[in-house]
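Colleague: Kindly return the folded structure for what I paste below:
(4 chains)
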There are 2 protein chains.
Amino acid sequence: MVDVKKRTADLQGSDAQIAFDLIERIFFGYRDFVGVADDALSQTGYGRAHHRVLHFVDRHPGLTVGELLTILKVTKQGVSRVLRTLVDDGMIEIQPGPYDRREKRLSTTPMGHDLARFVARLQTARIESALESLPPGSRQVVADFLAGLVDDEERPAVLKRIAGGC
Amino acid sequence: MVDVKKRTADLQGSDAQIAFDLIERIFFGYRDFVGVADDALSQTGYGRAHHRVLHFVDRHPGLTVGELLTILKVTKQGVSRVLRTLVDDGMIEIQPGPYDRREKRLSTTPMGHDLARFVARLQTARIESALESLPPGSRQVVADFLAGLVDDEERPAVLKRIAGGC
DNA sequence: CGTGATACGTCAATATGGTTGACGTAAAAA
DNA sequence: TTTTTACGTCAACCATATTGACGTATCACG
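Modeller: Now for the predicted structure:
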């Protein structure tokens, strides 16, 4: 009887402290949110890595390869194949940097831009649908929450980049 | 001049419609949120796949392999190596189903339970930190938003599973 | 001018997390 | 008894990433 009480107390303590609900909502929400893009792009033969590169190059025309690596937190080898594919397919253009010609300035072609926008619109639809039934001000709450998940050291750079847009 | 006006109008229209801000906050927020678990588990030699299996088995003791595959939306081959590793390491136990002995009922050992809780607490800390400065009621707003990102067909099952806990 | 650092590319090997297909076993259900 | 189910496993393969080593073009500085 003492054992049962103890174990029950332990469980209640743990369950009260741990945000299982939000942990799992983040998991399933993200899974299906990226699934929107995965499904749309799988028909073109592209995967998640292609999507990430296409998205950020489209959002930041003139981005250098090094900046892209910083944003995605991957190595140059990690994007080389994906980037080459997108360039070969005519989705992304490369131009030498205007001041430093060692740089490769990346930008989307009209075709690449359209594909990036197509996917972004699908994801926007999912977001708007999720916000639809929520009270006014929820958009800001969600935006702040998501920013709060980012590492403290990274947050300033991330928010600046997002606000910067192009 | 006409061209410029047209392109400007197009751009404004697109930018207003597309939720770049939230799309990217979801990307960076999720990246660092799972990074919390990745970093903690990388020291034990486990990756993201191990974490997912450990988490859901811990949350749903007595889960069968088939149910785990449904939750994670992967194939049995996709989890077999990871699951075997966790069993070999003494993190997860297998018992035959009480009524159907073909089933393998999965549950965490005390050691596996502690590891799962350890990571869940780290993730909870990140979540609470993100909610800290937000107005009251934000927790529910965020929870509803995340549920809204889930596929419509999946949502009932997902919410039931999360609520069920165990 | 030469020297070193920088931006980028590439080759090779390796790891992780998956996939499909084929085949097998044990147990339940008909 | 036969069929279906729950699970496992072998093999082959794919996508995405890593580290390390090496090369090349370009810039910046003494």
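Colleague: Tell me which residues touch the residue most central in space within chain A, please.
Modeller: Central residue of chain A (CA atoms, centre = their mean): A:Arg52, 7.0 Å from the mean position. Applying CB atoms under 8 Å, 6 or more residues apart in numbering or on different chains to A:Arg52 gives the contacts A:72, B:27. Glycine gets a C-beta too; all of them are placed from N, C-alpha and C.
Colleague: hang on, it is in a helix, isn't it?
Modeller: Yes - the secondary structure assignment for A:Arg52 places it in a helix, going by DSSP: H, G, I helix; E, B strand; the rest coil.
Colleague: From A:Ala116, how far out is it?
Modeller: Computed as CB to CB, to the nearest Å, the A:Arg52 to A:Ala116 distance reads 11 Å.
Colleague: Chain A: helices as residue ranges?
Modeller: A:2-17, A:20-42, A:48-59, A:65-72, A:76-88, A:110-132, A:138-149, A:155-164 (DSSP state H).
Colleague: what's the closest of these to B:Gln77?
Modeller: Taking CB to CB as the criterion, B:Gln77 comes closest to helix A:20-42 out of the helices of chain A, the separation being 19.4 Å.
Colleague: what inclination does the closest one have with respect to helix A:110-132?
Modeller: Between the direction of helix A:20-42 and that of helix A:110-132, the angle (axes from the mean of the first three to the mean of the last three CA atoms, to 10 degrees) works out to 150 degrees.
Colleague: is chain B contacted by helix A:20-42?
Modeller: Yes - on the criterion CB under 8 Å from any CB of the partner chain, helix A:20-42 is in touch with chain B at A:20-33, A:35.
Colleague: Against chain B, how distant is A:Gly148?
Modeller: Going from A:Gly148 to chain B by CB to the nearest CB, to the nearest Å gives 3 Å.
Colleague: typo on my end, A:Asp114
Modeller: The spacing between A:Asp114 and chain B, counted by CB to the nearest CB, is 11 Å.
Colleague: So out of everything in chain A, what residue is nearest DNA strand D?
Modeller: Of all residues in chain A, A:Gly47 sits closest to DNA strand D, at 1.9 Å by CB to the nearest atom of the strand.
Colleague: I figured that residue was touching A:Asp39, is that so?
Modeller: No - A:Gly47 is beyond contact range of A:Asp39, at 11.5 Å (criterion: CB atoms under 8 Å).
Colleague: If we only consider the residues of helix A:20-42 next to chain B, which is nearest to B:Ser107?
Modeller: Distance to B:Ser107 across the residues of helix A:20-42 next to chain B (CB to CB) is lowest for A:Phe20, with 16.5 Å.
Colleague: and the closest one, how many neighbours?
Modeller: Per other CB atoms under 10 Å in any protein chain shown, the neighbour tally for A:Phe20 reads 18.
Colleague: B:Arg117 is in contact with that one, correct?
Modeller: No - at 10.4 Å, A:Phe20 does not count as touching B:Arg117 under the criterion of CB under 8 Å.
Colleague: any chance of the helices of chain A in JSON lines, with mean pLDDT too?
Modeller: Shown next, in JSON lines, are the helices of chain A (pLDDT from 0 to 100):
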{"stretch": "helix A:2-17", "mean pLDDT": "50"}
{"stretch": "helix A:20-42", "mean pLDDT": "96"}
{"stretch": "helix A:48-59", "mean pLDDT": "97"}
{"stretch": "helix A:65-72", "mean pLDDT": "96"}
{"stretch": "helix A:76-88", "mean pLDDT": "96"}
{"stretch": "helix A:110-132", "mean pLDDT": "97"}
{"stretch": "helix A:138-149", "mean pLDDT": "98"}
{"stretch": "helix A:155-164", "mean pLDDT": "93"}
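Colleague: B:Ala157: which of those is closest?
Modeller: Scanning the helices of chain A with CB to CB as the criterion, the closest one proves to be helix A:20-42, at 9.7 Å.
Colleague: Point out the other elements, helices or strands, that the closest one touches.
Modeller: Under the contact criterion of 3 or more CB pairs under 8 Å, 6 or more residues apart in numbering or on different chains; DSSP states H and E, the helices and strands touching helix A:20-42 comprise helix A:48-59, helix A:110-132, helix B:20-42, helix B:48-59, helix B:110-132, helix B:138-149, helix B:155-164.
Colleague: between that helix and helix A:138-149, how many degrees?
Modeller: Going by the same axes, to 10 degrees, helix A:20-42 makes 100 degrees with helix A:138-149.
Colleague: Pull out the buried positions in helix A:20-42.
Modeller: Judged by neighbour count using 16 or more other CB atoms under 10 Å in any protein chain shown, the buried positions of helix A:20-42 are A:20-38, A:40-41.
Colleague: Quick one: residues in contact with it.
Modeller: Residues outside helix A:20-42 that contact it (CB under 8 Å, 6+ apart) are A:47-48, A:50-51, A:118-119, A:122-123, A:126-127, B:26, B:30, B:33, B:52, B:55, B:59, B:73, B:120, B:123-124, B:127, B:139, B:142-143, B:145-151, B:154, B:158, B:161-162, B:165.
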